[in-house]
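Q: Need the 3D shape of this:
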Amino acid sequence: MYLRQRFSHRLWRVIAILLSVGVVATLSVSGHPIVQHPAAFSVAVDIVHLFLVSIWVGGIVTLSLATRSWTTDRYGAMVQRFSRFAPSMVLVIVITGVIQAWMMMDGFGTMFSTIYGRTLIIKTTAVVVLVSLGWLSRSTLKRNGPVSVKRVVGI
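A: Numbering: from 1, shown residues only. This next block holds a predicted model:
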């Protein structure tokens, strides 16, 4: 947040985005997506997935840590901005996650017979819980305004 205020020039923002995509791309190119067929598609899906997960989790962490130090107006503006983009991000995260799982498992037939499949079930359960909390937070936001979601975001 400090750097964003200090370096608000467009060039710094472009550099930050390019570096972020570069970090995620490095993880994708050095991990399991590179050996999937077709590799270019698998890597691209992984980059999108990891990049949006990073933004989503980073936004939630920022909102939960900022509750004590930010003014009500500033916090409210951040909640509104994040709330606008979060549902779309989550939708793309779920779609890219399903595509990745399908490609890695050659369908969902091995869901219960492999460690990866069982781990995926646990991960999916955690995502359902988080998305449910997000839905609760969003409905609370619409009903009572930005300050009312501090508790849900903390959870």
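Q: hang on, isn't Y116 packed against Q100?
A: No - using C-beta atoms under 8 Å, Y116 makes no contact with Q100, being 10.9 Å away. Bear in mind the C-beta positions are built from the backbone N, C-alpha and C, glycine included.
Q: How many neighbouring residues does L63 have?
A: 22 (other C-beta atoms under 10 Å).
Q: How about the contacts made by it?
A: By C-beta atoms under 8 Å, 6 or more residues apart in numbering, L63 lies in contact with 75, 78-79, 82, 153.
Q: Could you export those as CSV, including secondary structure, distance to V131 and pLDDT?
A: Formatted as CSV, those follow (DSSP: H, G, I helix; E, B strand; the rest coil; distance: C-beta to C-beta, whole Å; pLDDT from 0 to 100):
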residue, secondary structure, distance to V131, pLDDT
Y75, helix, 22, 77
M78, helix, 20, 82
V79, helix, 17, 82
F82, helix, 14, 86
V153, helix, 14, 71
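Q: thought F112 was touching R118?
A: Yes - in this structure, F112 is within contact of R118 by C-beta under 8 Å, at 6.8 Å.
Q: ok, then the element right after the helix or strand of the chain with the lowest mean pLDDT?
A: Across the helices and strands of the chain, mean confidence by mean pLDDT, DSSP states H and E is lowest for helix 2-6: a mean of 59. The helix or strand immediately downstream of helix 2-6 is helix 10-30, counting by DSSP states H and E.
Q: Check the offset of that next one from the chain's centre.
A: Relative to its chain's centre, helix 10-30 lies at 15 Å (C-alpha atoms, centre = their mean, to the nearest Å).
Q: could I have it exported to PDB, CA atoms only?
A: Only the C-alpha atoms of helix 10-30 are listed here, as PDB (Å, rounded to 0.1, in the frame of the first residue of the first chain):
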ATOM      1  CA  ARG A  10       1.200   4.300 -14.600                       C
ATOM      2  CA  LEU A  11       4.700   3.000 -15.400                       C
ATOM      3  CA  TRP A  12       5.100   1.600 -11.900                       C
ATOM      4  CA  ARG A  13       1.800  -0.100 -12.100                       C
ATOM      5  CA  VAL A  14       2.600  -1.700 -15.400                       C
ATOM      6  CA  ILE A  15       6.000  -2.900 -14.100                       C
ATOM      7  CA  ALA A  16       4.300  -4.300 -11.000                       C
ATOM      8  CA  ILE A  17       1.800  -6.200 -13.100                       C
ATOM      9  CA  LEU A  18       4.400  -7.600 -15.400                       C
ATOM     10  CA  LEU A  19       6.600  -8.700 -12.500                       C
ATOM     11  CA  SER A  20       3.600 -10.400 -10.900                       C
ATOM     12  CA  VAL A  21       2.700 -12.200 -14.000                       C
ATOM     13  CA  GLY A  22       6.400 -13.200 -14.400                       C
ATOM     14  CA  VAL A  23       6.600 -14.700 -10.900                       C
ATOM     15  CA  VAL A  24       3.400 -16.700 -11.500                       C
ATOM     16  CA  ALA A  25       4.600 -17.700 -15.000                       C
ATOM     17  CA  THR A  26       7.900 -19.000 -13.500                       C
ATOM     18  CA  LEU A  27       5.900 -21.200 -11.100                       C
ATOM     19  CA  SER A  28       3.700 -22.500 -13.900                       C
ATOM     20  CA  VAL A  29       6.600 -23.200 -16.400                       C
ATOM     21  CA  SER A  30       8.600 -25.000 -13.700                       C
END
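Q: I'm done for today, thanks for sticking with me.
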